[in-house]
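**Q** my questions concern the predicted model and sequence given below.
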Amino acid sequence: MVLAGGKGKRLYPLTAYRSKPSVPFGGIYRIIDFVLSNFINSDIKSVYVLTQFKSQSLTEHLQTAWTGTNLRPGNFCLPVPAQMQTPGEIWYSGTADAIAQNINLIRDTQPNLVCIFGGDHIYIMDVRPMLHLHVEVEADVTIAAIPVPIEEGRRFGVMEVDDEGRVIGFHEKVENPPCIPGDPAHCYASMGNYVFTRGVLEKMLLEDQAESDSTHDFGHDILPKMVKAGYRVQSYDFQTNWVPGWSEDAKNLYWRDVGTLDSYFDACMDLKEVVPQLDIYNEEWPIHAAGSSAAPAKFVHDSEGRVGTARMCVISPGTIISGSSVSQSVLGRRVRVHSYASVEDSVIFDGCELNRGCHVRKAILDKHVVIKAGERVGFDPDEDRAKGYHVTETGITVVPKRPVVRPVTTLDL
């Protein structure tokens with residue numbers, strides 16, 4: 001069960017018209033494609049995606065990119081919109097409440113184990129070793145954990161563990177998180193990925209629903225309660241994970257919480273490195289994306305002062321770089337960069353058009369944005385804000401999505 005209903009407020013304006021898991025990433029993907037690919041590649045092919053806020057874009061993407069997983073009995077990847085299945089008919093009030101409101105899906109399918117993963121992180125993971133550990137130690141719940149710098153620990157749920165990896169304390173977003181024993185510079189952060197034994201999960205959800213003072217959240221309520229009550233709460237060290245296609249000495253472990261514009265931008269920029277830590281080119285562990293009929297990318301013109309070039313870039317199908325210069329950037333599908341324009345250190349979404357002589361630097365352009373001829377974006381923050389663009393404290397300019405405008409016809413009227 002993938003939790004994909006978050007608003008993603010800190011990613012605004014990229015989340016003005018879509019939920020956080022459906023934000024484009026890496027040219028051809030959406031954020032949610034990573035967790036779904038991890039499940040499918042791990043041979044876990046019964047997946048419900050719980051949606052809520054601004055879910056239309058995500059629903060359309062699931063239908064376009066993931067319908068092939070529904071072709072055999074028991075294989076499905078289905079969106080589940082919030083259905084307000086509570087006496088008060090309310091939206092999901094927390095991560096645990098989202099699962100509780102859809103407990104009928106668990107009871108209908110009767111699994112032995114239930115994976116509950118977030119849909120808004122960028123990472124590559126084989127889920128099977130985590131499942132094997134859960135069964136081996138007879139855990140009630142297993143939590144994927146990753147070391148993070150102690151100063152960043154306040155952003156996450158943090159675990160205290162014993163020598164066997166059993167969780168003896170769980171603290172959700174506290175100011176002074178406990179460090180890893182022997183490593184005062186790091187703490188064990190929860191990745192927001194859980195494996196539950198089904199009977200225990202149902203029991204904890206029902207108890208939590210009956211508590212009026214609960215926030216109905218796994219990190220705030222259920223996991224700390226399970227630790228105190230003596231349940232077997234086990235950690236799974238993500239550092240031990242390895243996926244097919246990696247070399248024995250590979251250090252491809254990568255997990256990013258792309259919850260802010262800055263962290264999202266940095267994760268996109270990671271992809272353009274010569275040997276990116278996030279390996280999206282591993283054919284034995286493919287990251288699945290929506291199919292596209294876009295033609296190959298093309299670079300045209302080769303005359304004095306008018307050469308189509310791209311350096312240290314990710315360029316997606318259908319994009320044409322025409323007598324212009326693109327560097328240190330990630331470009332989506334069907335982007336047009338016209339002559340004498342330049343793009344530096346930027347993330348450009350599908351369908352954008354950058355007209356002749358414009359210059360874009362350290363920016364994120366949402367879908368279908370049109371930059372006028374000669375316009376400069378990312379050079380003067382005050383000027384960008386005056387145009388209605390969003391500028392982060394670190395100086396990243398975000399140009400909001402533009403609707404696709406079709407000519408009005410008699411049929412439209």
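**A** Yep, that arrived.
**Q** secondary structure class for Ser263?
**A** At Ser263 the chain is in helix, as set by DSSP: H, G, I helix; E, B strand; the rest coil.
**Q** can you map out the helices along this protein?
**A** 32-41, 56-65, 95-100, 103-109, 128-136, 198-209, 223-228, 261-270, 381-386 (DSSP state H).
**Q** could those helices be laid out in JSON lines, adding mean neighbour count and distance to Phe238?
**A** For glycine as for every other residue, the C-beta is placed from the backbone atoms N, C-alpha and C. JSON lines is the format used below for these (neighbours: other CB atoms under 10 Å; distance: least, CB to CB, whole Å):
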{"stretch": "helix 32-41", "mean neighbour count": "23", "distance to Phe238": "12"}
{"stretch": "helix 56-65", "mean neighbour count": "18", "distance to Phe238": "25"}
{"stretch": "helix 95-100", "mean neighbour count": "24", "distance to Phe238": "19"}
{"stretch": "helix 103-109", "mean neighbour count": "13", "distance to Phe238": "25"}
{"stretch": "helix 128-136", "mean neighbour count": "16", "distance to Phe238": "9"}
{"stretch": "helix 198-209", "mean neighbour count": "17", "distance to Phe238": "22"}
{"stretch": "helix 223-228", "mean neighbour count": "18", "distance to Phe238": "17"}
{"stretch": "helix 261-270", "mean neighbour count": "19", "distance to Phe238": "17"}
{"stretch": "helix 381-386", "mean neighbour count": "13", "distance to Phe238": "37"}
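**Q** figure out which of those helices is closest to Arg333.
**A** helix 56-65 (13.1 Å; CB to CB).
**Q** off-centre distance for the closest one?
**A** 15 Å (CA atoms, centre = their mean, to the nearest Å).
**Q** got it, and stretch 13-23?
**A** The answer for stretch 13-23 is 11 Å, by CA atoms, centre = their mean.
**Q** so for that stretch, what's the average pLDDT?
**A** For stretch 13-23, mean pLDDT rounds to 93.
**Q** and for it, what's in contact with it?
**A** 2, 4-9, 11, 30-32, 51-58, 61, 119-120, 258-259, 261, 264, 364, 366, 390, 398, 400-401 (CB atoms under 8 Å, 6 or more residues apart in numbering).
**Q** can you count the residues close to Leu113?
**A** 15 (other CB atoms under 10 Å).
**Q** same thing with Pro149?
**A** Pro149 sits with 10 neighbouring residues when counted by other CB under 10 Å.
**Q** over to Val377?
**A** What Val377 shows, counting by other CB under 10 Å, is a neighbour count of 24.
**Q** quick check, pLDDT for the residue lying closest to it once chain neighbours are set aside.
**A** Nearest residue to Val377, sequence neighbours excluded (CB to CB, 6 or more residues apart in numbering): Val360, at 4.6 Å. Val360 is assigned a predicted lDDT (pLDDT) of 98.
**Q** cool, and Pro407?
**A** 46.
**Q** if we can go back for a sec, using CSV, lay out the helices of the chain together with distance to Met159.
**A** Below are the helices of the chain laid out as CSV (distance: least, CB to CB, whole Å):
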stretch, distance to Met159
helix 32-41, 21
helix 56-65, 30
helix 95-100, 17
helix 103-109, 25
helix 128-136, 14
helix 198-209, 17
helix 223-228, 9
helix 261-270, 22
helix 381-386, 40
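**Q** export those helices to CSV and tack on mean pLDDT and distance to His186?
**A** Listed next are these as CSV, based on pLDDT from 0 to 100; distance: least, CB to CB, whole Å:
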stretch, mean pLDDT, distance to His186
helix 32-41, 96, 24
helix 56-65, 90, 34
helix 95-100, 93, 25
helix 103-109, 93, 35
helix 128-136, 98, 20
helix 198-209, 96, 29
helix 223-228, 96, 20
helix 261-270, 96, 18
helix 381-386, 97, 35
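**Q** where does the protein have low pLDDT?
**A** Per-residue confidence for the chain (pLDDT under 70) gives these ranges: 68-71, 84-89, 249-252, 403-413.
**Q** one more pass at 50, please.
**A** For the chain, the stretches with pLDDT under 50 are 405-413.
**Q** pull the longest strand from this protein.
**A** Identified as the longest strand of the chain according to DSSP state E is strand 186-197.
**Q** which neighbouring elements make contact with that one?
**A** strand 113-118, strand 121-123, helix 128-136, strand 141-149, strand 157-161 (3 or more CB pairs under 8 Å, 6 or more residues apart in numbering; DSSP states H and E).
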